[in-house]
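A.B. asks: take a look and give me a structure for this.
(one chain, ligands or ions: 1)
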Amino acid sequence: LQVFPGHSRTSPMQTYQASCIFDGKATLAEGPGWDEERQAIVWVDIEKGKISRFYPSTHRNETWAISQKVGCVVRTSGGDLLAGGQEGLLKLNPESGEVTSLQNPEPDLPVNRFNDGKCDPQGRLWAGTMSCEEEEGAGSLYRITNEGSIKRMVESVTISNGLAWSQDGRTMYYIDTPTRHVDAFDFDPVEGEISNRRHVIEIPKDMGYPDGMTIDAEGKLWVALWAGWGVGRWDPSTGELLAKVQLPVECVTACCFGGKDYHTLYITTASRDLDEEGHKEQPQAGGLFAADVGVAGLPTPVFKEA
Ligand code: CA
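C.D. replies: Numbers count the residues shown, from 1 in each chain. From the prediction side, this is the model:
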């Protein structure tokens, strides 16, 4: 137990250690989701343009190469994988390897690519974009429904990242990384509309930048910390930091719960910005990690096809 400086000194912060379960040397591993049926993690390497499925029980990693940067992937109710790339949305049939290009909401912005994306509990995909040059405000957050329509829901986003929904389905959490905040919206589960955006968590400067995120069964948020060597657990109702999972890698990108009873937090990391010295100091950068964090998470929703 330790007390995190700058936070309530009366409440001790729990720390956990994550261990590397797949030393995959990804450039920018991201977007993990749990495949309940296969007991596998579906994830992407954005920079290498790869979609993968990793089986923790056997350490097998299946990979499909997509000929563009790919920021997120979700499973569909029909058994395919739906991904967001630099050229728009695409569908991968994991059996045949066939890739089908779908809509591109930003054909006029070729430097933009999709970044983090996730399905809401009703099975709509929410996926955001960013400029590959990280141009301020160049991205948007989109909602993609089973009718195949794309609607821009949030404008002027710089690095669209983590998404999570409260268990009652009434709140959506969202991260635009450079803001250092986790924001909340009121969420209308029937219409899929969002309103009343507000800050609920501020990430302290010495913890890096908020990237991907997931929510646990107690309604607390687990936020991956880019340049922050770990994943923090925050209470979105108070903004309080409750726990941290420590990793031997500086740039931690995203996380999801999975495994038996959803008791394991799976975590992705990046090696992209390391120089030769950095690679020596962080040999597991780009690997997949796991930690038992003493609380269960929630299943990863799939995209509901018509
Ligand atoms: Ca991300």
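
A.B. asks: contacting residues around the closest residue to the ion within the stretch 1-150 of the chain?
C.D. replies: Across the stretch 1-150 of the chain, the shortest distance to the ion (CB to the ion) belongs to residue 116, at 4.3 Å. C-betas here are computed from N, CA, C, even on glycine. Contacts were defined as CB atoms under 8 Å, 6 or more residues apart in numbering; by that measure residue 116 touches 30-31, 71-72, 127-128, 160-163, 175, 211-212, 254.

A.B. asks: isn't residue 13 up against residue 246?
C.D. replies: No: with contacts counted by CB atoms under 8 Å, residue 13 stays clear of residue 246, the gap being 11.3 Å.

A.B. asks: and these two? which has more neighbours close in?
C.D. replies: Neighbours were tallied for residue 13 and for residue 246 using other CB atoms under 10 Å; the higher tally belongs to residue 13 (17 against 14).

A.B. asks: output the longest strand along the chain as PDB, restricted to C-alpha atoms.
C.D. replies: Longest strand in the chain, counting residues (DSSP state E): strand 193-202. Below are the C-alpha coordinates for strand 193-202, written out as PDB (Å, rounded to 0.1, in the frame of the first residue of the first chain):
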ATOM      1  CA  GLU A 193     -27.900  10.100 -28.000                       C
ATOM      2  CA  ILE A 194     -25.400  11.900 -25.700                       C
ATOM      3  CA  SER A 195     -25.700  15.200 -23.800                       C
ATOM      4  CA  ASN A 196     -24.500  17.100 -20.800                       C
ATOM      5  CA  ARG A 197     -20.800  16.700 -21.300                       C
ATOM      6  CA  ARG A 198     -18.700  17.300 -18.100                       C
ATOM      7  CA  HIS A 199     -15.300  16.400 -16.600                       C
ATOM      8  CA  VAL A 200     -15.400  13.700 -14.000                       C
ATOM      9  CA  ILE A 201     -11.700  12.800 -13.600                       C
ATOM     10  CA  GLU A 202      -8.500  14.800 -14.000                       C
END
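
A.B. asks: what mean pLDDT would you report for that strand?
C.D. replies: Averaging pLDDT along strand 193-202 yields 98.

A.B. asks: can you give me the helices for the stretch 51-200 of the chain?
C.D. replies: Chain-ordered helices for the stretch 51-200 of the chain, with DSSP state H, counting those that start in this stretch as the definition, do not occur.

A.B. asks: spell out which parts of it neighbour the ion.
C.D. replies: Taking CB under 5 Å from the ion as the criterion, the stretch 51-200 of the chain approaches the ion at residues 116, 161.

A.B. asks: could you list the low-pLDDT ranges of the stretch 51-200 of the chain?
C.D. replies: Low-confidence segments of the stretch 51-200 of the chain, defined by pLDDT under 70: none present.
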